[in-house]
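[1] With the sequence up front, the predicted model follows.
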Amino acid sequence: MNRIIILDEELESQMRMYLALCSRYRVEIAEDEATLMRMIRRKNPKLILLDANYSGFNNNGKSVHKTIQKIKKKYSTLKVVTILDRDDMELHRTATQEASDAVLLRPVDEINVLKRVREQLSNAALAVN
C-alpha cells in the first residue's frame, strides 16, 4: 500500500485529506518540517501533500519552493502536491513552474484530493515502467 505524508496546518483541510485517503493509502500526518523530513527518510512515502502556507516556512526564512527542491534533490521520484489557497495565483504559477508535481486548491474536497493523488501515483508508476 502506498504511503502518503501530509503537512498542513489547517486542521480542517488536513482532516478532509486524511479521511479521503485513509481507506486506500497509508496516510501519516507530519507536525512540522523537521518531522516531515524525518518521516520521508524513515517511511519511504510515494507522495507528500505540502501546505504552501505552512508558518514554519515563513518563520525560518524558508519557502515552500526551497523545501520542495531540497526534497526533490534527495528523493527525485517522490511526488509532491502543493496545497494552495485559491486566491494565491502568484504562488500557484510559481509552484507549477518550479517545483511541485501538482497543485491542490483550498478548500480541499474528497474528489479533488483523490484525483490529484491518483494522477501523481499513476504518473510515478508509469515512470518506473
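    That came through, no problem.
[2] tell me, what residue is most central in the protein?
    Per Cα atoms, centre = their mean, the C-alpha nearest to the average position across the chain is that of Leu49, at 1.8 Å.
[3] List the residues that contact that one.
    Ile4, Ile5, Ile6, Leu7, Asp8, Met17, Val81, Ile83, Leu104, Val113, Val117 (Cβ atoms under 8 Å, 6 or more residues apart in numbering). Backbone N, C-alpha and C define where each C-beta goes, glycine included.
[4] Grab the nearest non-local neighbour of it.
    Ile6 (4.6 Å; Cβ to Cβ, 6 or more residues apart in numbering).
[5] can I assume that neighbour sits in a strand?
    Yes: with DSSP: H, G, I helix; E, B strand; the rest coil as the criterion, Ile6 is located in a strand.
[6] Now do the same contact list for it.
    Gln14, Met17, Tyr18, Val27, Glu28, Ile29, Ala30, Ile48, Leu49.
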